[in-house]
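Undergrad: sequence and predicted model, in that order:
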Amino acid sequence: MSEEPKVDRLIDARNTFCPGPLMELIRAIREAKVGEIIGVLSSDTGSKRDIPLWVSKTGHKLIGIYEKKGYAEIVVQKMR
Amino acid sequence: MTERLSIIVFSGTVDKLYPVSILASGAVAMGMDVDIFLTFWGLNAFFKDNIKTNTRMSKDFEDMAPLVMQVMKEKNVPSWYDTLKRAKELGKVRIHACSMTLDLLDIKKESLDDIVDDIMGVGEFIETARDSKITLFI
């Protein structure tokens, strides 16, 4: 995958279980300003599908999912 | 109008209360409102004095309870109660106590945990569930 974007906020939700990382992201998106980029670190399998689904449903933007060792960084931009 | 998930909670064992709180969280995350109707053993799990200490498991999986509890603890899984509380902070989750169970067992609203919003008759709950996209009985 291309170079990883700089995030404005990073949430470490590793070792939390579904739907933990998604819930953490929703909380952060609410607090963030439009345009801010939020990264979620998640070791939970469901989040990699749940978060993109939530993002498209709520009109935000999925920047990418970056696989790391034992977890993924899911990067989302607040659009509205 | 916001779509809604309705859950009738009849069971009071931890293994069934977990899916209640996790499904409620998922629904809130996906933009749905949630209405939970507590009846019988479900209501019995929402007393102030037992809501956080309940360790009951379904009889059919009782032998697995110690293992499951241990894994949950090791992996720092939040309790079903905390999960439900978080869902409530994040979205519109309303928790109703079944009036019939309360009357039958002489339970006062004050003895129920504050997470419970109000007392409701079955008729009103059915009216609520009528407009729901999803209704579950757990």
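TA: Received, thanks. Please read these numbers as outputs of a predicted model, since none were measured by experiment.

Undergrad: any idea of the pLDDT on residue 53?
TA: You didn't say which chain, so I picked chain A. A:Leu53 is assigned 92 on the pLDDT scale.

Undergrad: meant chain B, my bad for not saying
TA: pLDDT, read off for B:Thr53, is 92.

Undergrad: what does chain B put close to chain A?
TA: B:22, B:25-26, B:29-31, B:75-78, B:86-87, B:90 (CB under 8 Å from any CB of the partner chain). All C-beta atoms are positioned from the backbone trio N, CA, C, and that covers glycine.

Undergrad: which parts of chain A are helices?
TA: Along chain A, counting by DSSP state H, helices occupy A:20-31, A:47-58.

Undergrad: and stretch A:62-80, does that touch chain B?
TA: No: on the criterion CB under 8 Å from any CB, stretch A:62-80 is out of touch with chain B, staying 13.4 Å away.

Undergrad: who touches that stretch?
TA: For stretch A:62-80, the external contacting residues (CB atoms under 8 Å, 6 or more residues apart in numbering or on different chains) are A:1-2, A:4-5, A:7, A:14, A:21, A:25, A:29, A:32-43, A:47-48, A:51-52, A:55-56, A:59-61.

Undergrad: rerun that using 6 Å as the cut-off
TA: A:4-5, A:14, A:29, A:32, A:34, A:36-43, A:48, A:51-52, A:55, A:59-61 (CB atoms under 6 Å, 6 or more residues apart in numbering or on different chains).

Undergrad: name the residues of that stretch that are buried.
TA: Using 16 or more other CB atoms under 10 Å in any protein chain shown as the test for burial, stretch A:62-80 gives A:63, A:65-66, A:71-78.

Undergrad: most widely separated two among those?
TA: Based on CB to CB, the longest span within the buried residues of stretch A:62-80 runs between A:Tyr71 and A:Lys78 and measures 22.1 Å.

Undergrad: what does chain A put close to chain B?
TA: A:17, A:19, A:22, A:26 (CB under 6 Å from any CB of the partner chain).

Undergrad: you'd agree the third one is up against B:Val28?
TA: When you say that, I think you mean A:Leu22. No: between A:Leu22 and B:Val28 there is no contact, the gap being 10.1 Å when judged by CB atoms under 6 Å.

Undergrad: which of those two has more neighbours?
TA: A:Leu22 (26 against 23; other CB atoms under 10 Å in any protein chain shown).

Undergrad: residues making contact with the top helix by length along chain B?
TA: Across chain B, the longest stretch assigned as helix under DSSP H is helix B:14-29. Among residues not part of helix B:14-29, those counted as contacts by CB under 6 Å, 6+ apart are A:19, A:22, A:26, B:5, B:7, B:9, B:34, B:57-58, B:80, B:83-84, B:87, B:90-91, B:93, B:138.

Undergrad: tilt between the helix or strand of chain B with the lowest mean pLDDT and helix B:14-29?
TA: The weakest-scoring helix or strand in chain B, judged by mean pLDDT, DSSP states H and E, is helix B:65-74 (a mean of 89). Orientation of helix B:65-74 against helix B:14-29 (axes from the mean of the first three to the mean of the last three CA atoms, to 10 degrees) gives an angle of 40 degrees.
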